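Colleague: got a structure for you, letters missing:
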């Protein structure tokens, strides 16, 4: 089959690789009909994530048709069209029983990204996201093996196009969980840092949940304009506004917003010092976006972090957070928990995530899709790939 494989920093190739086969009795083989490039895929593309090996198949946002199923698969059948969550969960462990699927203790033979983990069990395996998260081949391919198929893959009813539901695999539940973690309700004020795909889905979900004012901070005008016209955000370009948090505080009667959402992650743009420290591997990333979140949020408010972080950062202003009595909520998305209700919202017309898509390419042009998305060319917001 054809699949997108990793070969080093900014070196991905569509190649012929062996077809996947059933390995466990609750596996399925999926014929992929649509797959997307996620913002977190760019961390891998840029060589920022350890545990990647040449030939690894990328991709964790995908859907398709069930071609084969193991004998213990009971929730779906051959011929079903399903969306697959990027988190692989067993459904029976301590964490899965709490619907904390991203913490599943039974699917990941890797260690996860925690540095001081002691004897802690690893987090759940993820599709196409390095040996740290299981080394499971991803879905930017013609076919993919889906483990634990009784826990996650969601059957899609007739009448919905792939593009309407594809983002149930990751960015829509991630944006929704971030908004829920932020405590968004009718009348809330919220600042979203980062206008990439996850930030856009955060804005969509905050608006749906009744947020009154949504500030969005980024430095790509085309992203900010899309969010303004689509979700009614108040855009702030940090290339033009030196201190977005100060502007947000002034715009909220000196209080700050009820919640801030950090949707950038560990490649947030920072100071020269932070750039040097990161290049020297003396810290994991810039803490600028997190400091802005802390500064922009009112006393007693919430900082919600769907952006991916690894390692450590300096200048994390824990004293400011304590002084303000802030609550932090973060982590990988418990995708399986949210997929059914989000599907219903799409069916009811309350969410239209497909509006984010700007580029539709065949799988064989995936390398170009990564380059365009990474370099923010052609006003690229989201790339969807279709296998032949």
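Modeller: Yep, that arrived. As the structure is a prediction and not an experimental result, all values here were calculated from the model.
Colleague: give me the pLDDT value at the spatially closest residue to residue 246 that is not a sequence neighbour.
Modeller: With CB to CB, 6 or more residues apart in numbering as the criterion, residue 246 has its nearest non-adjacent residue at 7.5 Å, and that residue is residue 295. Glycine gets a C-beta too; all of them are placed from N, C-alpha and C. In this model, residue 295 is scored at 98, pLDDT.
Colleague: tally of neighbours for residue 295?
Modeller: Using other CB atoms under 10 Å as the criterion, residue 295 is surrounded by 19 other residues.
Colleague: same question for residue 51.
Modeller: 16.
Colleague: residue 176: how many residues sit nearby?
Modeller: For residue 176, the number of neighbouring residues by other CB under 10 Å comes to 29.
Colleague: next one: it from residue 152, what distance?
Modeller: Counting by CB to CB, to the nearest Å, the separation of residue 176 from residue 152 is 16 Å.
Colleague: the residue nearest to residue 246 reaches residue 320, doesn't it?
Modeller: Yes - using CB atoms under 8 Å, residue 295 is in contact with residue 320, at 7.2 Å.
Colleague: helix, strand or coil: sort out residue 360 for me.
Modeller: Under DSSP: H, G, I helix; E, B strand; the rest coil, residue 360 falls in the strand class.
Colleague: bridging residues for residue 213?
Modeller: residue 189 (DSSP bridges).
Colleague: so it makes contact with residue 191?
Modeller: No - counting by CB under 8 Å, residue 213 stays clear of residue 191, with 9.1 Å between them.
Colleague: the two: which is more packed in?
Modeller: The residue with more neighbours, out of residue 213 and residue 191, is residue 191; 34 against 18, by other CB under 10 Å.
Colleague: residues in contact with residue 197?
Modeller: By CB atoms under 8 Å, 6 or more residues apart in numbering, the contact list for residue 197 reads 38, 39, 171, 356, 381, 382.
Colleague: make it 10 Å
Modeller: Counting by CB atoms under 10 Å, 6 or more residues apart in numbering, residue 197 makes contact with 36-40, 61, 167, 170-172, 174-175, 223, 263, 353, 356-357, 373, 381-383.
Colleague: how close does it sit to residue 226?
Modeller: In terms of CB to CB, residue 197 sits 11 Å off from residue 226.
Colleague: between the two, which contacts overlap?
Modeller: 356, 381.
Colleague: so the residue nearest to residue 246, which of the three states?
Modeller: helix.
Colleague: ok, it touching residue 248?
Modeller: Yes - counting by CB atoms under 10 Å, residue 295 does reach residue 248; the two are 8.3 Å apart.
Colleague: mutual contacts of the two, please.
Modeller: The contact sets of residue 295 and residue 248 overlap at 191, 256, 260 (CB under 10 Å, 6+ apart).
Colleague: can I assume the first one sits in a strand?
Modeller: Yes - the assignment for residue 191 is a strand, going by three-state DSSP.
Colleague: would you agree it is in contact with residue 235?
Modeller: No - Residue 191 sits out of contact with residue 235 when judged by CB under 10 Å, with a separation of 11.4 Å.
Colleague: overlap in contacts of those two?
Modeller: Taking CB under 10 Å, 6+ apart as the criterion, residue 191 and residue 235 both touch 214, 215, 216, 217.
Colleague: from those, which is closest to residue 48?
Modeller: Nearest to residue 48, judged by CB to CB, of the shared contacts of residue 191 and residue 235 is residue 217 at 21.7 Å.
Colleague: tell me the bridge partners for the closest one.
Modeller: Beta-bridge pairing for residue 217 (DSSP bridges): residue 193, residue 236.
Colleague: tilt between the strand or helix carrying residue 258 and strand 189-193?
Modeller: Applying DSSP states H and E as the criterion places residue 258 in strand 257-262. On the basis of axes from the mean of the first three to the mean of the last three CA atoms, to 10 degrees, strand 257-262 is oriented at 20 degrees to strand 189-193.
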